[in-house]
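> Please find the sequence and the predicted model below.
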Number of protein chains: 2
Amino acid sequence: MAELPDDPELTPTRYDELSSHDPVVLFDVLGSGVVAHVALVRDGEPIVLGTAYGFDDDFLYLHGSTGSRLSRDMADGRPLCISIATLDGFLFARTGFDSAVSYRSAVIRGSATECVDDEKVRALRLINENLMPGRWDELPAPTRKELAATLVLRVPLDRVSVKVLPHHDPEDDFDDGSGADALDPRLWVGSLRVGLAAGEPVASRGMSGEVPVPESVKRQMTRFVLPE
Amino acid sequence: MAELPDDPELTPTRYDELSSHDPVVLFDVLGSGVVAHVALVRDGEPIVLGTAYGFDDDFLYLHGSTGSRLSRDMADGRPLCISIATLDGFLFARTGFDSAVSYRSAVIRGSATECVDDEKVRALRLINENLMPGRWDELPAPTRKELAATLVLRVPLDRVSVKVLPHHDPEDDFDDGSGADALDPRLWVGSLRVGLAAGEPVASRGMSGEVPVPESVKRQMTRFVLPE
């Protein structure tokens, strides 16, 4: 996928400078998220629910229970809209109107196709890799029964809109010359980063104390650290 | 709102024990989130986008630009579905199939009504209070021009589904007697909490060093701390 195609439906009408057509930005957004919000239409009404996801260069992957109505709806070829958004911080601007959050987001539109056989196992691995990197290789392979109970879907990454509001000094938005002179000298203006951070791992009560914390847990602790 | 009504469309078909009808849980979920994902139907296709929100006992509040097509679509009375989900941690279970995230989520369905006059200002304050608690009172009141550029909407909290997977020892899910005996003695099983955490506030370059960090920024730093 060389370049993100335009999706006129999702081109922002304001803040045009925020939309990106750089695939590097898309994969940064996809890799920064843990939960995707998947929307579909059922009986004319919208439904949206959060779920885990995985991805490769060409597809986003989703999974669910074969017994779930939502999974079956997602699988039947109807249009889906999927949002992945990561909150990066708060911009404490000089007015409520200019207050904002910094974020990275991607919206993917398309229909799902069911993954079967080898592709199904590979897609499950990709979903697992985005959720808990490295864990898949530490665990036993999925059983036939587990695979039969799981519906795995792919959605092509060819109708994508990426929007990013970088973390920045909120005063940078005022390039009209009003500048610092317009600031109330008693009002603090600035920014505060936030991000997902991990606590300390807690071993199961049933475990012996001799099993070391594995690489997958260490990777998660490195992935989710206190922002600067 | 004494009790959350049932929404059969959203009653989970699995994990029934996870759905809650306790309003205390709903308001915990709403207060724990920063971004709501709002879905609607346009030309028969679903659209979903993340946005800030606020709430009181009876309504969820959303805002947008009067110039945005999405805001106008949201305001025209069509059905909306809104998801607010907070990730609480990762459950490193003994199989990929049983691996999971702990989370708290709420799904709200309904149509939006535009807020005007005093209710509009009050709703903007509530949105600001959920986004950056305490900041509203530090800032100048919104101007007429700012209010005219902002569309503010309310959606009733009377069609709500709340689902929570509490953070827990993944081995607690095996109450079938297979217990610790079934554990691979070399495999680490346990859990890892995650949560939004704040870094250090950065003052705008335009500011004098004499303005102290305000209560609103301190509150945000207390709200978003490293999980235990």
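Received the coordinates, thanks.
> longest helix anywhere in chain A?
Within chain A, and with DSSP state H defining each element, the longest helix by residue count is helix A:117-131.
> packing partners for the longest strand anywhere in chain A?
Counting residues, the longest strand in chain A under DSSP state E turns out to be strand A:79-92. Applying 3 or more C-beta pairs under 8 Å, 6 or more residues apart in numbering or on different chains; DSSP states H and E, one finds that strand A:79-92 contacts helix A:23-32, strand A:36-42, strand A:100-111, strand A:190-198, strand B:36-42, strand B:45-51, helix B:215-223. Bear in mind the C-beta positions are built from the backbone N, C-alpha and C, glycine included.
> mind listing what's buried in the longest helix of chain A?
Of the residues in helix A:117-131, those with enough neighbours to count as buried (16 or more other C-beta atoms under 10 Å in any protein chain shown) are A:120, A:123-131.
> to the chain's geometric centre, what's the distance from that helix?
From the chain centre to the centre of helix A:117-131 is a distance of 17 Å (C-alpha atoms, centre = their mean, to the nearest Å).
> can you check stretch A:59-79 too?
Here the centre of stretch A:59-79 is set off from its chain's centre by 18 Å, with C-alpha atoms, centre = their mean.
> Could you measure from the residue positioned nearest the centre of chain A over to residue A:195?
When C-alpha atoms, centre = their mean is applied to chain A, the residue found nearest the centroid is residue A:33 (3.0 Å). Distance, residue A:33 to residue A:195, by C-beta to C-beta, to the nearest Å: 12 Å.
> Low-confidence bits of chain A, can you list those?
Per-residue confidence for chain A (pLDDT under 70) gives these ranges: A:1-18, A:175-183.
> Can you give me the end-to-end span of stretch A:112-120?
Using C-alpha to C-alpha, to the nearest Å, one end of stretch A:112-120 lies 13 Å from the other.
> Same question for stretch A:51-67.
Comparing the first residue of stretch A:51-67 with its last one, the separation is 16 Å (C-alpha to C-alpha).
> circling back: strand partners (parallel or antiparallel) of the longest strand of chain A?
According to DSSP bridges, strand A:79-92 forms sheet pairs with strand A:36-42 (antiparallel), strand A:100-111 (antiparallel), strand A:190-198 (antiparallel).
> The first one relative to helix A:23-32, how many degrees between them?
Taking axes from the mean of the first three to the mean of the last three C-alpha atoms, to 10 degrees, one finds strand A:36-42 and helix A:23-32 inclined to each other by 90 degrees.
> Go through strand A:36-42 and flag the buried ones.
Of the residues in strand A:36-42, those with enough neighbours to count as buried (16+ other C-beta under 10 Å) are A:36-41.
> Return the most buried member of the strands paired with strand A:79-92.
Most buried of these by mean neighbour count (mean count of other C-beta atoms under 10 Å in any protein chain shown) is strand A:36-42; its value is a mean of 25.
> Residue A:227: which of the strands paired with strand A:79-92 is closest?
strand A:190-198 (3.9 Å; C-beta to C-beta).
> okay, the closest one in CSV with CA atoms only?
The C-alpha coordinates for strand A:190-198 follow below in CSV (Å, rounded to 0.1, in the frame of the first residue of the first chain):
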residue,chain,number,x,y,z
GLY,A,190,0.4,24.9,28.4
SER,A,191,0.1,21.2,27.7
LEU,A,192,0.1,17.9,29.6
ARG,A,193,0.9,14.6,28.0
VAL,A,194,-1.0,11.5,28.8
GLY,A,195,-0.6,7.9,27.7
LEU,A,196,-1.4,4.4,28.7
ALA,A,197,1.0,3.3,31.4
ALA,A,198,1.4,-0.2,33.0
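> relative orientation of that strand and helix A:215-223 in degrees?
Between the axis of strand A:190-198 and that of helix A:215-223 there is an angle of 170 degrees, by the same axes, to 10 degrees.
> Name the next helix or strand downstream of strand A:190-198, please.
Toward the C-terminus, strand A:190-198 is succeeded by strand A:202-203 as the next helix or strand (DSSP states H and E).
> what about residue A:137, which SS state?
helix (DSSP: H, G, I helix; E, B strand; the rest coil).
> Next one: it from residue B:98, what distance?
Plainly put, residue A:137 is 16 Å away from residue B:98 if you go by C-beta to C-beta.
> Sort out which residues of stretch A:194-212 are buried, please.
The neighbour-count check on stretch A:194-212 (16+ other C-beta under 10 Å) flags A:194-199, A:201-204, A:206-207, A:211 as buried.
> quick one: which of those residues is nearest residue A:186?
When the buried residues of stretch A:194-212 are compared for distance to residue A:186, the smallest value, 25.4 Å, is given by residue A:194; criterion: C-beta to C-beta.
> and the end-to-end length of stretch A:138-156?
Distance across stretch A:138-156, first residue to last, is 29 Å (C-alpha to C-alpha).
> How far away from the center of its chain is that stretch?
21 Å.
> ok so, going back, residue B:222: which of the buried residues of helix A:117-131 is nearest?
Scanning the buried residues of helix A:117-131 for proximity to residue B:222, where the rule is C-beta to C-beta, the winner is residue A:131, at 29.1 Å.
> Next, the contact list for the closest one, please.
If you count contacts by C-beta atoms under 8 Å, 6 or more residues apart in numbering or on different chains, residue A:131 has them with A:34, A:52, A:54, B:90, B:99, B:101.
> which of the residues you listed sit farthest apart?
Considering C-beta to C-beta, no two members of those lie farther apart than A:54 and B:90, which are separated by 15.0 Å.
> ok, now which ones touch residue A:219?
Residue A:219 makes contact with A:133-134, according to C-beta under 8 Å, 6+ apart.
> right, I mislabeled it, should have said residue A:150
Neighbour list for residue A:150: A:63-66, A:120, A:124, A:142, B:97 [criterion: C-beta under 8 Å, 6+ apart].
> Could you do residue A:74 as well?
Counting by C-beta under 8 Å, 6+ apart, residue A:74 touches A:38, A:40, A:62, A:64, A:80, A:112, A:153.
> Once you drop chain neighbours, what's closest to the fourth one?
It stands for residue A:64. residue A:71 (3.2 Å; C-beta to C-beta, 6 or more residues apart in numbering or on different chains).
> Provide a list of residues in contact with residue A:53.
Residue A:53 makes contact with A:30, A:33, A:35-36, A:60-62, A:82, A:84, A:127, A:130 under the criterion C-beta under 8 Å, 6+ apart.
> mind redoing it with 10 Å?
Contacts of residue A:53 were listed using C-beta atoms under 10 Å, 6 or more residues apart in numbering or on different chains, and they are A:30, A:33-38, A:60-63, A:82, A:84, A:108, A:126-127, A:130-131, A:153, A:155.
> For it, which non-adjacent residue is spatially closest?
Closest residue to residue A:53 apart from its sequence neighbours, by C-beta to C-beta, 6+ apart: residue A:36 at 4.2 Å.
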